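K.L.:
Sequence first, predicted model second:
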Amino acid sequence: MFFVASAFRRKVWVSLRVFFVASAFRRKVWDCGLLYRAMATLPAQLLDELRAIVGRDAVLFHPEDLRTYESDGWTAGRTTPRAVVLPTSTGQVQGVLRVCHRERIPFVPRGAGTGLSGGALPVYDGIVVSLARMNRILEVDFANARVVVEPGVINLDVTGRVAGREYFYAPDPSSQSVCSIGGNVAENSGGAHCLKYGFTTTHVLGLEVVLPDGTVVHLGGKTLDAPGYDLMGVFVGSEGTLGLATKVTLRIVKRPECVQTLLAAFPTVSHASDAVSSVIAAGILASAMEIMDALAIQAAEAAVHPNYPECGGLLLVELDGPIAEVDGQVRQTEDICREKGATEMRLARTDVERGLVWKGRKAAFAAMGRIAPNYIVQDGVIPRTTLPEVMREVERLSAETGLKVANVFHAGDGNLHPLVLYDRRIPGQYAAAEALSTRILELCVEKGGSITGEHGVGEEKKLMMATMFAEPDLQTMQRVRCAFDPLRLSNPTKVFPRPRLCGDRPGEYAPHALEQAGVAERF
Ligand SMILES: Cc1cc2nc3c(=O)[nH]c(=O)nc-3n(C[C@H](O)[C@H](O)[C@H](O)COP(=O)(O)OP(=O)(O)OC[C@H]3O[C@@H](n4cnc5c(N)ncnc54)[C@H](O)[C@@H]3O)c2cc1C
C-alpha cells in the first residue's frame, strides 16, 4: 500500500538507490535483504492489471512460484523477481510493457533460462517476462527456405519441423534441445556447426520486436538487405536490453548430400590445435571442428559413454557436402592429422555412431558434475592460430593454482570453453576458481580475442567490458541502447560495466555528485 503511488515509489527508489551505492553501507543492506523485502511484491492493483492482460494463471507472484526464475544457467547470482508474467501473444507483450513503462518497472525477458552469463537473472526491483508460452511455429515456407516462429520455440523443434523435407536449422548450441529461439537471437548463439554455417545472426532475416514503451516494430524481413540502418543486426546479440522479440523469421538450410565425422586422437590439446590450423590453411572448410581434452573425455565417457579414444586431445572434424568432394576432404584431413601427430583415427560409420559422437560432445558441460562438485563454464575467443600457445598457458595456470581445468571447445572458431573445476565446500576455492577464469579471459583479450564467443556478457562479464572496449566505444553502445530504451527498463544492469547511479541521464556517462565527492563508488 505504502508504495502504490508511482511518483512517490519512484522517489523512494531513487533515495534507496543512493543509499545502496554508498560504499560503507551497500554490502550490509544487501546482505540483510531489507531493501529487497520492502519492494518484493507488486501492489495488488498492478497484479490485477497484468492478470487482465495475460490471464489469471499467467501472472506468478507467490514466493514458491518465483523461485524457478531466480537464476538462469549462471547460478552464481540469484534474485527473486517481483512477479513473472507469461504472455501468449504480441498484443499481450505490448500490454505488459506498457504497464511497465507507465509504472517505470524494469523487466527481464526470459526464454528457456539456459543462458550461461546471467542474462535472464531478474533485477531486484523488476519483473520477468517469460516467452515460454509463445512457442508456435507460425509459417513454414520451403519455396523460400524461411520459417517464422514465436520466440519460445525450442531450437531443435525448428529442425524437427522441416527435417521431413531434408532441411535443417543450422545454429546448434549444445543446449539446442532446450533453449529457445528468442534466447538464441538475444545471445547470437553459436554451436559446433557455426564454423561453416555461421552464427544465429546469419540465419535471422526478420524480427518483430516490442520496444520497452510497448511500440511494435519490424526489423529486417523475408527479403535480403533492407534499406536503412541494420537495426536487426543491432538487436541480434543485444541480450534483452533493447526490447522483446516476439516473432522471428529464420533461414533454413538444405541437408548436404553426405556427412562424415572423423575422430582424431592426439597426445595433447596443443597437437590437436595445431592440426586445426593446418586443416583450415589447406582450404578445407569443415562444418565443425571441436576439441576435447582428457578431463572432458573422462567426464563425457562417465555420462553418456560415447566410446572416445583415450588421449590428451581429441579432435572431432565433421565434413559435409557432395559425396565426391567430402571423400577427398576426409582423406586430406586424415593426412594432415597424421602429419601433426595423431595416434589414432576413426570415422563414424553409421548415423547412430555419429549421433553418439555428438551426444558426448554436447553433454560435456553437464557431464563435469561427474568429475567435480562445482565448475565455472568460461567462454572466450582467441585467434585460431594462437590456440597451441594459449592452451599451454591455460595448462600452466592450472598447475600454478592447483585447480583442474577441463577444455571442450569450438576449435575451428577459436572459441574456448575452459571449465574451471573446484569444490565450493573448500574455503577460498570458489574465489580462486573465479580469479583463474578471469585470468583466462584476460589472456584471450591479450591475444587479440574476446571475453565471450557465444554465451554473452550478461551479468557475469559486464565488469570485463572495460577490459575490451575503450570508453568511447562503450558510450556509443550506450547511446544505441538509449535510442531503443531511454528509460532503461529492458534488462537494465546487464552487459555494461557499471550500473548508472540515480540522477544519471541516459546517454553519455556523467559522474554522479556523490561519486565525485568520493561517497559512492562505480563498480
Ligand atoms: C549445457 C549448456 C550448453 C550450452 N551450449 C551452448 C552453445 O553451444 N552455444 C551457445 O551459444 N550457447 C550455449 N549455451 C548457452 C545458452 O543455451 C544460450 O545462450 C541460449 O541461446 C539461451 O537461450 P534461452 O532460451 O535459454 O535464453 P535465456 O537464458 O532465457 O535468456 C538469454 C538472454 O536472452 C534474453 N532473451 C530471451 N528471450 C528473449 C526475447 N524473446 N527477446 C529479447 N531477449 C530475450 C534474456 O533476457 C537473456 O538476456 C549452453 C547452455 C547450457 C546450459
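P.N.:
Arrived safely, thanks for sending.
K.L.:
neighbours around the residue nearest to residue 323 when sequence neighbours are not counted, how many?
P.N.:
When the adjacent residues along the chain are set aside, residue 323 lies closest to residue 258, with 4.4 Å between them (Cβ to Cβ, 6 or more residues apart in numbering). Placement of C-beta: from N, CA and C, glycine included. Burial measure for residue 258: 15 neighbouring residues, criterion other Cβ atoms under 10 Å.
K.L.:
Give me the pLDDT value at residue 258.
P.N.:
Looking at residue 258, its pLDDT reads 95.
K.L.:
With the one 10 residues further on instead?
P.N.:
pLDDT for residue 268: 94.
K.L.:
So it versus the ligand, what's the distance?
P.N.:
Residue 268 sits 24 Å away from the ligand, going by Cβ to the nearest ligand atom, to the nearest Å.
K.L.:
For that residue, give me its contacts.
P.N.:
312, 313 (Cβ atoms under 8 Å, 6 or more residues apart in numbering).
K.L.:
Now it. Its backbone dihedrals?
P.N.:
phi -140, psi 170 (degrees, to the nearest 10).
K.L.:
Kindly report the same for residue 110.
P.N.:
phi -140, psi 130.
K.L.:
Now do the strands for the stretch 51-200 of the chain: every range, in order, please.
P.N.:
In the stretch 51-200 of the chain, the strands defined using DSSP state E, counting those that start in this stretch lie at 59-60, 84-85, 107-110, 127-130, 137-141, 146-149, 167-168.
K.L.:
Quick one: neighbours of the closest residue to the ligand within the stretch 251-400 of the chain, just the number.
P.N.:
Closest approach between the stretch 251-400 of the chain and the ligand, counting by Cβ to the nearest ligand atom: residue 365, at 4.2 Å. Using other Cβ under 10 Å, residue 365 has 21 other residues around it.
K.L.:
Within range of the ligand, give me the residues from this structure.
P.N.:
By the rule Cβ under 6 Å from any ligand atom, the part of the chain lying against the ligand is 72-73, 108-116, 119-120, 131, 151, 173-175, 179-180, 182-184, 186-187, 189-191, 239-240, 244-245, 365-366, 454-455, 458, 491.
K.L.:
For stretch 365-376, which outside residues touch it?
P.N.:
By Cβ under 8 Å, 6+ apart, stretch 365-376 touches 174, 295-296, 298-300, 302-304, 377, 404, 406, 408, 417, 419-425, 430, 433-434, 437.
K.L.:
Out of those residues, which sit inside strands?
P.N.:
377, 406, 408, 419, 420, 421, 422 (DSSP state E).
K.L.:
With neighbour count and pLDDT added, can I get those in TSV?
P.N.:
As requested, those are exported to TSV (neighbours: other Cβ atoms under 10 Å; pLDDT from 0 to 100):
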residue	neighbour count	pLDDT
377	19	92
406	27	96
408	29	94
419	25	95
420	30	96
421	21	96
422	23	95
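K.L.:
ok, and for stretch 301-321, which residues are buried?
P.N.:
301, 303-304, 306, 308, 311-321 (16 or more other Cβ atoms under 10 Å).
K.L.:
distance between the ends of it?
P.N.:
Distance between the two ends of stretch 301-321: 30 Å, counting by Cα to Cα, to the nearest Å.
K.L.:
Distance from that stretch to the middle of the chain?
P.N.:
Here the centre of stretch 301-321 is set off from its chain's centre by 24 Å, with Cα atoms, centre = their mean, to the nearest Å.
K.L.:
so, if you compare the buried residues of stretch 301-321, which one comes nearest to residue 91?
P.N.:
residue 320 (41.8 Å; Cβ to Cβ).
K.L.:
Just read off the phi/psi values of the closest one.
P.N.:
phi -140, psi 160.
K.L.:
In the stretch 201-350 of the chain, what residue lies closest to the ligand?
P.N.:
For the stretch 201-350 of the chain, Cβ to the nearest ligand atom, closest residue to the ligand: residue 240, 2.7 Å.
K.L.:
ok so, going back, which of the residues of the chain next to the ligand fall in helices?
P.N.:
Among the residues of the chain next to the ligand, DSSP state H puts 182, 183, 184, 186, 187, 365, 366 in helices.
K.L.:
Buried ones only from these, please, as a PyMOL command.
P.N.:
Buried subset of these, written as a PyMOL selection, criterion 16+ other Cβ under 10 Å:
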select buried, resi 182+183+184+186+187+365
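K.L.:
Dump the ones in helices among the residues of the chain next to the ligand to CSV, plus distance to residue 127 and pLDDT.
P.N.:
Output for those, formatted as CSV (distance: Cβ to Cβ, whole Å; pLDDT from 0 to 100):
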residue, distance to residue 127, pLDDT
182, 17, 98
183, 18, 98
184, 23, 98
186, 17, 98
187, 21, 98
365, 29, 88
366, 29, 89
